[in-house]
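Visitor: pasting the sequence and the predicted coordinates here, then a few questions.
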Amino acid sequence: MAWPDPQLQAALAEQPAAGERPKLFDRLVAPLLAERERWPLWLPVFLGIGIGAYFWLAVEPPPALGATLLAAAAALVAIAWRQGRDFGVALIVFAVALGFAAAQFQALLAAAPVLERRLGPVMVEGRLVAVDPLPEGARLVIAPASIERLAAADLPARVRIRLRHGDLAALPGAWLRVRAVLMPPPPPAMPGAYDFERRAFFDRLGAVGYAMGGAVFIAPPAGEGASAWRTALQALRTAVSQRIHAALPGRDGAIAAALIVGDTHAIPPADAGAFRDAGLAHILVIAGLHMGMVAGLVFFALRALLALIPSLALNYPTKKWAAGAALLVTFGYMLLSGATVSSRRAFIMIALALVAVLVDRLSLSARAVAAAAVAIMIMTPEAATGPSFQMSFAAVVALIACYEAIRPLLAGWHLHAGPVRRCALYLFGIALTTLVTTVATMPFTIYHFNRFPLYSVAANALAVPITGFWVMPWAIASCLLMPLHLESLALAPMSWGIGTIAAIAHRVTAWPGAVLHVASMPVGGLILIALGGAWLCIWLGRWRWLGLAAIGAGYLSLALVRPPDLLVSGDARLVAVRAPDGNYLPSTAQNGAAENWTRRAAVTEGEPWPASGSAAAGALSCDASACLYRARGRLVTLVRQGDALSEDCGQVDLVVSPFAAHRVCRKTLVIDRIDTWRKGGYAVWLDPGGISIEAVRDWQGARPWVPRPGETDFVNSDAAGRPGDPAP
């Protein structure tokens, strides 16, 4: 189905003969019309532009703006359809408006109370929504019915509590009571860092915390005992996970649970890091590889079984029966895996292929990807801003484009190929697939994780065949045997393959230079690469190579990255300064925020500030009261004790203080505890011509997921203190 555009077609008809046409027309308009069958593939791109526009805004738009824009765009499409003009442009406007409206509607739908300040220990009672096993203990997601010292109107929709010694026998749907300390979802560690507050908002997670002791099961309130289908599904996932962990304790059971039910939280950090740094993290995430293996095994096994019964094979459409069964099993696997973004994308694509078998039609892979992207972006538009969506679709789109281009060559290689050549082609396919997906996901890996595995091709060439031919068949067998309580018969051999893959991951990460650390890419650079990649993969003609220019410009933006010279945490108690060698020197050691800062700048963490003396080639000099930091012709006082304020205020360019300092330093630029309480962490760039400052709250903007504490609440609180007093 093409997008008709009468205006462009009329323009083509009115043009002179090919020899008389302007070169600009031949280079732009003619190729566009020649590939009009590819136009629908741009629909997810324009939807993404609309979604990105909503999240890019610094101020929340009026609630009715999205619906108004969508209605206006729909009217524009109707008018263009009636008049037969600019229909393609009208559809583009409609797609952008639809993406914006979907994102705003989802934000309105997800709105729920969020805890404003630390609370506890308090008693929490409610229904268990999910259980995430951890290497030590468990993490519970609870829909609270009551929280001590919190009004009913202020109850969050969900809270997440960590149990140090969790009772894994708990199933979703059960009611429990637990004493816990609760806190608001933490803000980003610095401007531009991962925004957990936004993720928690769309997950309707209003508080996080930890338990003081264990959980106690209670009777559900009257009328609250029945569980919805979501709760029943979560209970099934939890029960399967518990059975797997019981049969395979430790690492192998955690990885088996990840492959079967999508539960990755229990994987030990050392093993999860090894899989990530070896480029094998995709094996732990249920996506196209796993869904395709399950669908293929069910389809071919059932079809082969039915072929053994001549009366059925000769008189009935057994191929369609096998496709229908594979569709049902794959749908069940998607639900069992938690219906993540990657598993939903894979299911939609596989479902389109299987439905094509049922209706005797040919499935087009590129359109299947576009359909999957559109479905996910409309249902969960916030997913488009996350790494799972971006990396999953980038990999699949690049693979389809690559294999479309080399399909004739591959067909020739497979023609009359013997067993040895087929084996070699299979290994070549794994290597090529890994190379393509690695290149396609590289910008998103750099942007979100600041690291890039260099030996992923070698690791995947070894690990993927083991996963496909050994691990996943035993995984399916374990699910079939679980109703008979015989799952251990299949999980034991499955663990042999898991152990081999884990050994490969650890061995590869031990190679020299296994991981390349890269500073965070600017958002503009990532957008350029994404649009250039879409241009390169969607079009078929030679003009597709113009996308390389945008991709190159996006990567060149890495040269423009300059990490902050000074970083201040959200409580003003942790400060890090950039040494002449580029590394960060933290005020204290072993802090999660400092690890985030060094990762985003692709540097290492230096020694904490000395009690007295100098550090980092004289850039930092300290005494008991304060430290002085010199960089780029600027001098900054980093206050340790309140008495340093009166001494240094008039002699430096900036004062950073964990105490209230504005009243003392009236004529000097100040970042103090009150500033960080209002605006979160700070990033500071020092230059001879001035000082640039960016706060987390300013970067986030005035959005529904960003709390805005009132000034009077802090000043009037008992813990506020006076200027110069320690901050709460």
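Guide: Okay, I see it. Quick caveat: nothing in here was measured; it's all calculated off a predicted structure. Residues are numbered from 1 along each chain as shown.
Visitor: give me the nearest residue to residue 541, chain neighbours excluded.
Guide: Nearest in space to residue 541, with sequence neighbours left out and distances taken as C-beta to C-beta, 6 or more residues apart in numbering, is residue 31 at 5.1 Å. (Glycine included, C-beta is placed from N, CA and C.)
Visitor: and the contacts of the helix or strand that contains residue 276?
Guide: Using DSSP states H and E, residue 276 falls within helix 269-277. Contact partners of helix 269-277, identified using C-beta atoms under 8 Å, 6 or more residues apart in numbering, comprise 135, 251, 254-255, 264, 267, 281, 283-284, 449, 451, 453, 502, 505-506, 508-509, 514-515.
Visitor: try it again with 6 Å
Guide: 251, 281, 284, 453, 502, 505-506, 509, 514-515 (C-beta atoms under 6 Å, 6 or more residues apart in numbering).
Visitor: swap in stretch 670-687?
Guide: 187, 190-191, 564-570, 572, 631-632, 634, 655-658, 660-662, 692-697, 714, 727.
Visitor: how long is that stretch end to end?
Guide: From its first residue to its last, stretch 670-687 covers 17 Å (C-alpha to C-alpha, to the nearest Å).
Visitor: what of stretch 450-457?
Guide: Note: stretch 450-457 ends 19 Å apart using C-alpha to C-alpha.
Visitor: distance from it to the middle of the chain?
Guide: 18 Å (C-alpha atoms, centre = their mean, to the nearest Å).
Visitor: residues contacting it, please?
Guide: The contact list for stretch 450-457 (C-beta under 6 Å, 6+ apart) reads 277, 279, 431, 434-435, 438, 445, 508, 511, 514-518, 520, 599-600, 602.
Visitor: same thing but at 7 Å, please
Guide: Contact with stretch 450-457 is made by 277-279, 431, 434-435, 438, 442, 445-446, 508, 511, 513-520, 599-600, 602, as judged by C-beta atoms under 7 Å, 6 or more residues apart in numbering.
Visitor: and stretch 114-121, by the same measure?
Guide: Outside stretch 114-121, the residues touching it (C-beta under 7 Å, 6+ apart) are 149-150, 156, 179-184, 206-207, 209, 212, 707.
Visitor: now do it: distance to the chain's middle.
Guide: With C-alpha atoms, centre = their mean, you get 27 Å for stretch 114-121.
Visitor: any buried residues in that stretch, and which?
Guide: 114-115, 119-120 (16 or more other C-beta atoms under 10 Å).
Visitor: okay, these in CSV with pLDDT, distance to residue 161 and secondary structure next?
Guide: Converted to CSV, the buried residues of stretch 114-121 look like this (pLDDT from 0 to 100; distance: C-beta to C-beta, whole Å; DSSP: H, G, I helix; E, B strand; the rest coil):
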residue, pLDDT, distance to residue 161, secondary structure
114, 92, 16, coil
115, 91, 12, coil
119, 90, 12, strand
120, 78, 10, strand
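Visitor: picking that back up, buried only: go through the contacts of helix 269-277 for me.
Guide: 251, 281, 284, 453, 502, 505-506, 509, 514-515.
Visitor: closest to residue 374 out of those?
Guide: Comparing the buried ones among the contacts of helix 269-277 against residue 374 with C-beta to C-beta places residue 281 closest, at 26.3 Å.
Visitor: check contacts around that closest one.
Guide: By C-beta under 7 Å, 6+ apart, residue 281 lies in contact with residue 275.
Visitor: residue 491 versus that one, what's the distance?
Guide: The gap separating residue 281 from residue 491 is 22 Å, by C-beta to C-beta, to the nearest Å.
Visitor: again, but for residue 191
Guide: As judged by C-beta to C-beta, residue 191 and residue 491 stand 46 Å apart.
Visitor: can you check residue 538 too?
Guide: Here the criterion is C-beta to C-beta. By it, residue 538 lies 43 Å from residue 491.
Visitor: am I right that residue 637 is in a strand?
Guide: Yes: counting by DSSP: H, G, I helix; E, B strand; the rest coil, residue 637 is part of a strand.
Visitor: does residue 237 touch residue 261 like I think?
Guide: Yes: using C-beta atoms under 7 Å, residue 237 is in contact with residue 261, at 4.9 Å.
Visitor: name the residues contacting each of those two.
Guide: Among the neighbours of residue 237, those also in contact with residue 261 (C-beta under 7 Å, 6+ apart) are residue 336.
Visitor: the more surrounded of residue 538 and residue 491?
Guide: Legend: neighbour count by other C-beta atoms under 10 Å for residue 538 and residue 491, higher for residue 491 (25 against 22).
Visitor: secondary structure class for that one?
Guide: Under three-state DSSP, residue 491 comes out as helix.
Visitor: same check, this time on residue 614
Guide: Applying three-state DSSP: residue 614 is strand.
Visitor: quick check: nearest residue in space to it, chain neighbours excluded?
Guide: Counting by C-beta to C-beta, 6+ apart, the residue nearest residue 614 is residue 621, at 4.4 Å.
Visitor: which helix or strand contains the one you found?
Guide: Using DSSP H and E, residue 621 falls in strand 620-622.
Visitor: what helices and strands are in contact with that strand?
Guide: If you count contacts as 3 or more C-beta pairs under 7 Å, 6 or more residues apart in numbering; DSSP states H and E, strand 620-622 packs onto strand 613-615, strand 626-631.
Visitor: ok, now with 6 Å
Guide: Judged by 3 or more C-beta pairs under 6 Å, 6 or more residues apart in numbering; DSSP states H and E, strand 620-622 is in contact with strand 626-631.
Visitor: ok, residue 136 to residue 165 distance?
Guide: Taking C-beta to C-beta, one finds residue 136 at 8 Å from residue 165.
Visitor: can you list the low-confidence ranges for the chain?
Guide: 1-28, 85-86, 166-169, 222-228, 361-364, 590-591, 617, 709-728 (pLDDT under 70).
Visitor: let's go with 50 and repeat that
Guide: Residue ranges of the chain with pLDDT under 50: 1-8, 11-21, 226, 710-728.
Visitor: need the contact list for the nearest residue to residue 155 once chain neighbours are set aside.
Guide: Residue nearest to residue 155 in three dimensions, not counting chain neighbours: residue 144, with 5.5 Å by C-beta to C-beta, 6+ apart. Contact analysis of residue 144 by C-beta under 6 Å, 6+ apart lists 124, 126, 155, 159.
Visitor: farthest-apart pair in these, please.
Guide: Within the contacts of residue 144, two members stand farthest from each other by C-beta to C-beta: 124 and 155, at 9.9 Å.
Visitor: more neighbours: which of the two?
Guide: Remark: of residue 124 and residue 155, residue 124 carries more neighbours, 28 against 21, as counted by other C-beta under 10 Å.
Visitor: tell me the bridge partners for the more buried one.
Guide: Listed by DSSP bridges, the beta-bridge partners for residue 124 are residue 147, residue 178.
Visitor: also residue 671?
Guide: Beta bridges link residue 671 to residue 656 when assigned by DSSP bridges.
Visitor: quick one: neighbours of it, just the number.
Guide: As a burial measure, residue 671 scores 24 neighbours (other C-beta under 10 Å).
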